[in-house]
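Trainee: Give me a 3D structure for the following:
(2 chains)
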Amino acid sequence: MAADLAIEMRGVTKRYPRVLANDRVDLEVRAGEIHAIVGENGAGKSTLVKALYGLVAPDAGTIRIAGREVSRHRPSDAIRLGVGMVHQHFMLVDTLTVAENVVLGLEPRRGALLDRPAARRAVQGLSSEYGLDLDPDERVENLSVGLEQRVEILKVLYRGARILILDEPTAVLTPREARELFAILRALCDAGRTIVFITHKLDEVIRLADRVTVMRDGRVTGVVQARETTEAELAHMMVGREVLLRVDRGRSRPAEPVLEVRGLRAEGRKGVEVVRGVDLTVRAGEIVGIAGVQGNGQTELVEVVAGLRRASAGRVTLAGRDVTNRRPGEVRRAGAAHIPEDRQARGLVLEFTVEENLVLGRHRDAPYSRRGLVAREAVRGRAVALIRKHDLRPGDPAVLTADLSGGNQQKLIVARELSGRPSLLVASQPTRGVDIGAVEFVHRSLVAMRDAGAAVLLVSAELSEIMSLSDRIGVMYRGAIVAWFPGGAVTEEELGACMTGGAP
Amino acid sequence: MSRWLRLAALISPLVAVAASFLVGALVVATIGESPARVYAILFRGAFGSVDGLGLVLFNATPLIFTGLAVAFAFRAGLFNIGGEGQLYAGSLLCAWAGIALAGLPAVVLVPALIAVAAAGGALWALLPGYLKARFGVHEVINTIMMNFIAIGLSSYLVIHVLREPGQMTPQTAEIAAAGCLPRLARAAQLCGIPLPHANPLNLSLVVALAAVWVAWFILHRTTLGYEIRAVGHNARAAECAGINVRRTVVVTMMISGAFAGLVAVNEVMGFRHRFLDNFSSGLGFMGIAVALLGRNTPLGVLLAALLFGVLNTGALEVDVFTRVPRELIQVIQSVTIILVVVGNEVLSRRLRAAHAAVAGAAGEGR
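Mentor: Presented below is the predicted three-dimensional model:
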């Protein structure tokens, strides 16, 4: 039995200062299978594979790789035993070619020099064998994200990996790129390699995996055959209760336009124009979703609307008032609320307490400020009320925000931004990296805002989120909105085609 | 983050001080003196007499002001190296006003001169603050340059324009008597404390203690202080929430400069009663050390300034009674600062690591 197990982990336990990340976890991965590890953020998936790869030393438990017991091993030992890890964040040298990146650190040499032809041959061979379709001489800076990921896969294959671990491999991919990745993983699997992938997207699990290990709160709550399970069952095991995967919402009743964007242009960080003539209108009582592959100008569009980035041309009107290139405070006073894309960088002061963060942005308004002084009872009272209303945890207003889970940090932002009854809510990636429970909360909140008559502009890389929430969907590609669809009448494939520049 | 680490953050300055005394002992032993004897003399100088204690407080007073200046700016994420220039600006302006406004009664003149001292420092910090806010020019460079300008300009003015008539010494005339702060010796003696008349300790100590409270109050009780801390911790989030980051930067720099300018209250109003060219010789820079040791909190600044007051006072005795030069004290002070900085860095890395571990366990890949 043990012989055909590629990976066998028994009773793996890892305790961090505040959390028990892995609690007597068992993981069995059979040789030649595609094994998915699913769970909410904080369930311990990442810790588990880090322990496997030798990046984290578990406090207890045994780990066998291809039948060999390892302990206190390092990634180099794992690599020697045939384990390769494709990280979520790529580690590539942009200015080198594909072949150079792949052999980096393990270069074929001729004397003191890199044996370029040998490197090219090796990369070419692996690439065609598994249908990776990579040009060894292309510079990495010219590759799309999907192709960069293939270079990462090539790197681990080049190092002789028999067992590939992929951490959230589809997080950065378009639906089409994801499908191509799945085909590659299938091919690798058919060639006898073992695949372990971490994800929280349940549809992928069903589509790709042979078997699934489900984790919750550091423990394994189930091991199932992918063929014999459903998304709902997996979600139930992940969360420990029934989860609404679909958002219940009635018809929208769009009223007068609240946000009007006309001919908007803006430059990105490097001085390149990344918003190239955007027109859009969001009416009171509707959710307008903007879909698109990351890096097509959505981030900058939101920043311009929120007053965080200058428009080089065009106009932004909020409830009839021209707020083009107004400062963020003025845009807020005109009735806008903003759930920023990167909650830790833009949305929160992590060193502040929960109550301090809950009043951020309204700290100058009565009753929270009186004659220039912080009205501490009012601030505390607001915090207590919002914590109770939205079930923020822990429920202590004086706890440091940095000590909250990602999901609760996001709930804090949503609670704060919704509390002012804004006429416009701009939500950018509002559920990125948060657990299912918090996703449910955020989605319900957005719909509630809409039903209360607010205009909601939703920007998300999650197509399912866009599709289940939006009343209208715009697809952004290379700085412009290339197509509009009514919500609920469009398929993922149609959106995906537009996202990569195809015709609707 | 664990309680233990937070506790350690409080203790680390104490450990650094203790360790630096050990290093000092090694230096003393190398010179061939007994560390025990040298330290005994050091502390006798500071604590052995009421006069010594008075000197400790007197030496600590300007450091409280300059320490507050650095610490306050730091809370907004600004590194104000310009305390030296700001205190010269405040002091010269204060001395000039003290002469020009002669004739006003003390109840008006004293508060007015304190305000002028603060205003001088604030104005000297305004330009670097504005350049930082408007153009993003780093305040460290600006404030250093402003130091050179202040030192040079005040020298020029005190030699060529404001020099006391008929004197060779580069100093201004005395300010009006009504603008002088009384020394504390007489009051102390009335209370039965034998503080000698010659002791320079004066009422500016009370102003310094008030400044500690004011700094704390601004940071933790006012809406402005809330914004300052928000900008200091995360300027991008502050901006996103509608806080005017640029204005906060300028205002913070001015308040910081005002604290530095208040050095004049001790120097000009309390001690010398005039502006003396080059009187400071580094009080503004010592303020950086004081703020670091005090972990940029007002109370910490007070404690650190007192420690430096002890060391500076004892240093004189060490110089007189042993073969150890008073520069040893500078060695101890510098070693303390290095250790505190290293300690802070190690701690904050630990804290970050602990956070990353918690966040990592919470699946926060980004």
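
Trainee: going forward, measure contacts between C-alpha atoms and count neighbours the same way
Mentor: Will do.

Trainee: For chain A, give me the ranges with low pLDDT.
Mentor: Along chain A, the parts satisfying pLDDT under 70 run over A:1-3, A:17-18, A:242-246, A:503-504.

Trainee: Please name the nearest non-neighbouring residue to residue 133.
Mentor: In the absence of a named chain, this looks at chain A. Leaving aside its sequence neighbours, residue A:133 sits nearest to residue A:127 (Cα to Cα, 6 or more residues apart in numbering or on different chains; 5.8 Å).

Trainee: that's the other chain; I wanted chain B
Mentor: Closest residue in space to residue B:133, ignoring its immediate chain neighbours: residue B:246 at 4.7 Å, by Cα to Cα, 6+ apart.

Trainee: before we move on, what about residue A:452?
Mentor: residue A:285 (7.0 Å).

Trainee: give me phi/psi at the one you found?
Mentor: Main-chain dihedrals, residue A:285, degrees, to the nearest 10: phi 80, psi 20.

Trainee: To what extent is the closest residue to chain B within the stretch 1-150 of chain A buried, counted in neighbours?
Mentor: Residue nearest to chain B within the stretch 1-150 of chain A: residue A:42 (3.3 Å; Cα to the nearest Cα). Using other Cα atoms under 10 Å in any protein chain shown, residue A:42 has 28 neighbouring residues.

Trainee: What number of neighbouring residues does the closest residue to residue B:180 other than its chain neighbours come out with?
Mentor: Distances taken as Cα to Cα, 6+ apart place residue B:269 nearest to residue B:180, at 4.6 Å, with adjacent residues excluded. The tally of other residues near residue B:269 (other Cα under 10 Å) stands at 32.

Trainee: residue contacts, residue B:269?
Mentor: Residues near residue B:269 by Cα atoms under 8 Å, 6 or more residues apart in numbering or on different chains: B:175, B:179-181, B:204.

Trainee: Show me which of these is closest to residue A:11.
Mentor: Distance to residue A:11 across the contacts of residue B:269 (Cα to Cα) is lowest for residue B:204, with 66.5 Å.

Trainee: so the closest one makes contact with residue B:266?
Mentor: Yes: contact status for residue B:204 versus residue B:266: in contact at 5.1 Å, counting by Cα atoms under 8 Å.

Trainee: shared neighbours of those two, anything?
Mentor: The contact lists of residue B:204 and residue B:266 share residue B:61, where a contact means Cα under 8 Å, 6+ apart.

Trainee: quick one on the thing from earlier: element containing the residue nearest to residue A:133?
Mentor: helix A:116-129 (DSSP states H and E).

Trainee: Could you do residue B:78 as well?
Mentor: Counting by DSSP H and E, residue B:78 is part of no helix or strand.

Trainee: distance of it from residue B:338?
Mentor: In this view, residue B:78 and residue B:338 are 20 Å apart by Cα to Cα, to the nearest Å.

Trainee: Could you do residue A:103 as well?
Mentor: Taking Cα to Cα, one finds residue A:103 at 43 Å from residue B:338.

Trainee: do the same with residue B:323
Mentor: 26 Å.

Trainee: Equivalent analysis for residue A:37, please.
Mentor: In terms of Cα to Cα, residue A:37 sits 47 Å off from residue B:338.

Trainee: residue at max distance from the center of chain A?
Mentor: Ranked by distance from the centre of chain A (Cα atoms, centre = their mean), the top residue is residue A:111, with 44.7 Å.

Trainee: so what's that residue up against?
Mentor: By Cα under 8 Å, 6+ apart, residue A:111 has no neighbours at all.

Trainee: mind checking the backbone torsions on it?
Mentor: Per degrees, to the nearest 10, the backbone of residue A:111 is at phi 70, psi -130.
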